[in-house]
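Undergrad: Sequence unavailable; structure follows:
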């Protein structure tokens, strides 16, 4: 299509140029004849040497005085006369030129003593093809150019899409049994290279997510199996010695495992809802008031101190933030030696023009090594000290707390402390709009 358009534009340009050249040539020929008529009253010799060109000299009475052989004995080729500039040009079809034939006719005035004479010069119009050989050359060149572009375009497209085909084949071969495979990245620095790099990056994230999911399933199975195995052993012992077992004694032995099983299942449901992006009910609430309520509600044998500065407002879900603080208090209660401290205070935050709100839970336990401060937020992760000290934790409490903090646009980290562990929650501060 482009080559055809190019050929049409080229032919039109050549036709326009040829028509302009023909018009100038006809005007010049008419001017030469008119000058000769003005000087001598007639033209000696042939009126024109150009084949296909006709000339007529018409006197002041409208009679044809002289003409080229093709129009000899015929009336004037046209009826119009020169305009105010003593020259006029029109395209005329039919008449003395024959049916279906058109010619460019130029009329020029020649002044004679007896009056104004008129010189008519005509030449066949330039056809759209200008000349057969030129049309054949342009059309043939356009066809050759179209074939060359098609061939080269096909070669270029095939070569360019070869890496895409390799990427597609590798993607078809990747499945759950070989998630570590990656698509080939072409060496060229182009969009396909960027596409392959993005695909590999996505595959890496999926591989990590799948590995985390498998580890999660393995850890969940292990943690669920432990209380079930404990209950199974107690029931078997009771069945082997029914005379030595009472319902009350068996219930007392099964109840801790049931509570642990209930805690794990509840945490699993909670973290599944958070992963699914369950909507939260965000309302303005006083973080200090929330901390005071949770501290008063929390049952512990440790010395729990809550120092909350009132008026630290945040936009959050009351139930989820309460669950976050409860999880932090439960974790501190398991590891603290004697004292747990909760602090709430405002903080200047450069990232937020309204500032931030900070909640800290500090215990005087053994603390957490800096290289393990992120590991404890992973699911079903309990450090050796925690496992040996308390088997009641599900290993999901801190992961749930981190998820809730992230969902509120905040952060939950373990920061340096003089003694023990120091969990720091930072949330964007909420300031009601004033009118």
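TA: Looks like it came in fine. Please read these numbers as outputs of a predicted model, since none were measured by experiment. Numbering: from 1, shown residues only.
Undergrad: quick one: low-confidence parts of the stretch 201-350 of the chain?
TA: For the stretch 201-350 of the chain, the stretches flagged by pLDDT under 70 are 349-350.
Undergrad: What segments of it are strands?
TA: All strands of the stretch 201-350 of the chain, identified by DSSP state E, counting those that start in this stretch, fall at 283-286, 303-308, 313-316, 339-347.
Undergrad: Just want the angle from the longest one to strand 303-308.
TA: In terms of direction (axes from the mean of the first three to the mean of the last three C-alpha atoms, to 10 degrees), strand 339-347 departs from strand 303-308 by 10 degrees.
Undergrad: Which strands and helices lie in contact with strand 339-347?
TA: helix 287-297, strand 303-308, helix 318-335, strand 356-363 (3 or more C-beta pairs under 8 Å, 6 or more residues apart in numbering; DSSP states H and E). The way it works is simple: take the backbone N, C-alpha and C, and place the C-beta from them, glycine included.
Undergrad: Just the element for the residue nearest the centre of the chain, please.
TA: For the chain, the residue sitting closest to the mean C-alpha position, by C-alpha atoms, centre = their mean, is residue 195 at 12.0 Å. According to DSSP states H and E, residue 195 maps onto helix 191-240.
Undergrad: And for residue 110?
TA: With DSSP H and E as criterion, residue 110 is part of strand 102-112.
Undergrad: Please, where are all the strands along the stretch 1-150 of the chain?
TA: Ranges of strands in the stretch 1-150 of the chain, per DSSP E, counting those that start in this stretch, are 54-58, 64-67, 87-93, 102-112, 115-124.
Undergrad: which of the ones you listed is buried the deepest?
TA: strand 54-58 (a mean of 24; mean count of other C-beta atoms under 10 Å).
Undergrad: How many neighbouring residues does residue 268 have?
TA: 18 (other C-beta atoms under 10 Å).
Undergrad: Identify the residues contacting it.
TA: 220, 396 (C-beta atoms under 8 Å, 6 or more residues apart in numbering).
Undergrad: Check the gap between it and residue 319 for me.
TA: For residue 268, the distance to residue 319 equals 18 Å [C-beta to C-beta, to the nearest Å].
Undergrad: How about residue 329?
TA: 16 Å.
Undergrad: who's more crowded, these two?
TA: Shown here are residue 329 and residue 319; by other C-beta under 10 Å, residue 329 has more neighbours (27 against 11).
Undergrad: Check whether that one really touches residue 291, as I assumed.
TA: No - with contact defined as C-beta atoms under 8 Å, residue 329 and residue 291 do not form a contacting pair (9.8 Å).
Undergrad: how far does stretch 419-428 sit from the chain's center?
TA: 39 Å (C-alpha atoms, centre = their mean, to the nearest Å).
Undergrad: tell me which residues of that stretch are tucked away?
TA: Across stretch 419-428, burial judged by 16 or more other C-beta atoms under 10 Å covers 420-428.
Undergrad: Then stretch 231-248?
TA: For stretch 231-248, a neighbour-count test (16+ other C-beta under 10 Å) marks 231, 234, 238, 245 as buried.
Undergrad: for stretch 124-142, same thing?
TA: Here stretch 124-142 shows 125-126, 130, 135, 138, 142 as buried, counting by 16+ other C-beta under 10 Å.
Undergrad: ok, now how distant is residue 271 from residue 61?
TA: From residue 271 to residue 61 the distance is 114 Å (C-beta to C-beta).
Undergrad: Same question for residue 51.
TA: Distance, residue 51 to residue 61, by C-beta to C-beta: 31 Å.
Undergrad: Those two: which is more packed in?
TA: Neighbour count, other C-beta under 10 Å: between residue 51 and residue 61, residue 61 has more, with 9 against 6.
Undergrad: For the more buried one, which residues are in contact?
TA: residue 115.
Undergrad: ditto for the one 10 residues further on
TA: Residue 71 makes contact with 54, 56, 64, 77, 96, according to C-beta under 8 Å, 6+ apart.
Undergrad: Hmm, the last one is touching residue 74, no?
TA: Read it as residue 96. Yes - using C-beta under 8 Å, residue 96 is in contact with residue 74, at 5.0 Å.
Undergrad: between the two, who's got more neighbours?
TA: Comparing residue 96 with residue 74 by neighbour count (other C-beta under 10 Å), the higher total belongs to residue 96, at 18 against 13.
Undergrad: That one and residue 67, how far apart?
TA: 10 Å.
Undergrad: what do these two both touch?
TA: With C-beta under 8 Å, 6+ apart as the test, residue 96 and residue 67 both reach residue 74.
Undergrad: Report the separation between the residue nearest to the centre of the chain and residue 203.
TA: Per C-beta to C-beta, residue 195 is found 12 Å from residue 203.
Undergrad: List the contacts of residue 102.
TA: Listed by C-beta under 8 Å, 6+ apart, the contact set of residue 102 reads 91-93, 124-125.
Undergrad: what about 7 Å?
TA: For residue 102, the contacting residues are 91-93, 125, by C-beta atoms under 7 Å, 6 or more residues apart in numbering.
Undergrad: Need the residues you listed in TSV (columns: distance to residue 102 and pLDDT).
TA: Putting the contacts of residue 102 into TSV (distance: C-beta to C-beta, whole Å; pLDDT from 0 to 100) gives the following:
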residue	distance to residue 102	pLDDT
91	6	89
92	7	89
93	4	89
125	5	90
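Undergrad: Reformat those into CSV and put distance to residue 34 next to each item.
TA: Listed next are the contacts of residue 102 as CSV, based on distance: C-beta to C-beta, whole Å:
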residue, distance to residue 34
91, 20
92, 19
93, 25
125, 22
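Undergrad: give me the number of residues near residue 219?
TA: When neighbours are counted by other C-beta under 10 Å, residue 219 comes out with 17.
Undergrad: how about it, what does it touch?
TA: Taking C-beta under 7 Å, 6+ apart, one finds 379-380, 395 in contact with residue 219.
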